[in-house]
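Asks: Quick check, what structure comes out for this input:
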Amino acid sequence: MGLDANYYRGMPNDAKGGLGDPGVACLQRLLRLIRNKLRSIGYNDRLSITLDEDETYAMTFYKTISRLRKPDKELGWFAGAVSFGDDTFILPLQAADILANLTMKWFRDRMAGVVSAEVPPPFAASSAAVSREGLWS
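Replies: The predicted model follows:
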């Protein structure tokens with residue numbers, strides 16, 4: 001999940017106000033995508049969501065998730081637990097940081113014309129088998 005920071009900074013203030021905090025907007029979109037994917041594959045169990053304990057967003061993200069879980073009973077069911085962890089201790093958080101960094105580099109390279117849209121990110125080739133199974137689609 002990403003947001004073009006340059007585009008965001010260039011948006012009129014009214015539009016920025018409608019979007020709200022970019023980090024929260026990305027979190028909301030991510031939760032919606034997860035809920036929709038789980039629904040589409042018929043997954044009915046619960047998840048434990050672990051986020052980076054970043055001081056800037058931890059409390060804001062918790063409040064956002066809590067607020068979204070109340071009216072959206074399906075999301076409330078899927079999100080059985082919400083926790084925050086140190087990315088040097090919770091290895092999947094470290095992996096997410098690495099993936100986010102590589103994704104950002106790939107998008108920057110695309111915008112600079114270094115790679116084309118037809119060239120997948122370096123990490124996509126290794127996840128091609130997973131994609132064929134439908135987990136990333």
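Asks: How many neighbouring residues does the closest residue to Asp21 other than its chain neighbours have?
Replies: Using CB to CB, 6 or more residues apart in numbering and skipping the chain neighbours, the partner closest in space to Asp21 is Thr60 (7.2 Å). Heads up, the C-betas are built off the backbone N, CA and C, glycines and all. Using other CB atoms under 10 Å, Thr60 has 14 other residues around it.
Asks: so Thr60 makes contact with Gly23?
Replies: Yes. Between Thr60 and Gly23 a contact is recorded at 7.4 Å, counting by CB atoms under 8 Å.
Asks: residue ranges of the helices in the protein, please?
Replies: Counting by DSSP state H, the chain has helices at residues 5-10, 13-19, 22-40, 58-69, 73-78, 91-111, 122-126, 128-132.
Asks: Comparing these by mean pLDDT, which bottoms out?
Replies: The weakest mean pLDDT among the helices of the chain belongs to helix 128-132, with a mean of 49.
Asks: Skipping adjacent residues, who's closest to Ser66 in space?
Replies: The shortest distance from Ser66 to any non-neighbouring residue, by CB to CB, 6+ apart, is to Val82 (7.6 Å).
Asks: thought the one you found was touching Glu53?
Replies: No. With contact defined as CB under 8 Å, Val82 and Glu53 do not form a contacting pair (11.9 Å).
Asks: Could you export the helices of the chain as JSON lines, including distance to Ile49?
Replies: Below are the helices of the chain laid out as JSON lines (distance: least, CB to CB, whole Å):
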{"stretch": "helix 5-10", "distance to Ile49": "25"}
{"stretch": "helix 13-19", "distance to Ile49": "23"}
{"stretch": "helix 22-40", "distance to Ile49": "8"}
{"stretch": "helix 58-69", "distance to Ile49": "7"}
{"stretch": "helix 73-78", "distance to Ile49": "9"}
{"stretch": "helix 91-111", "distance to Ile49": "11"}
{"stretch": "helix 122-126", "distance to Ile49": "22"}
{"stretch": "helix 128-132", "distance to Ile49": "20"}
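Asks: Tell me which of these lies nearest to Arg46.
Replies: When the helices of the chain are compared by CB to CB, helix 73-78 sits nearest Arg46, at 6.2 Å.
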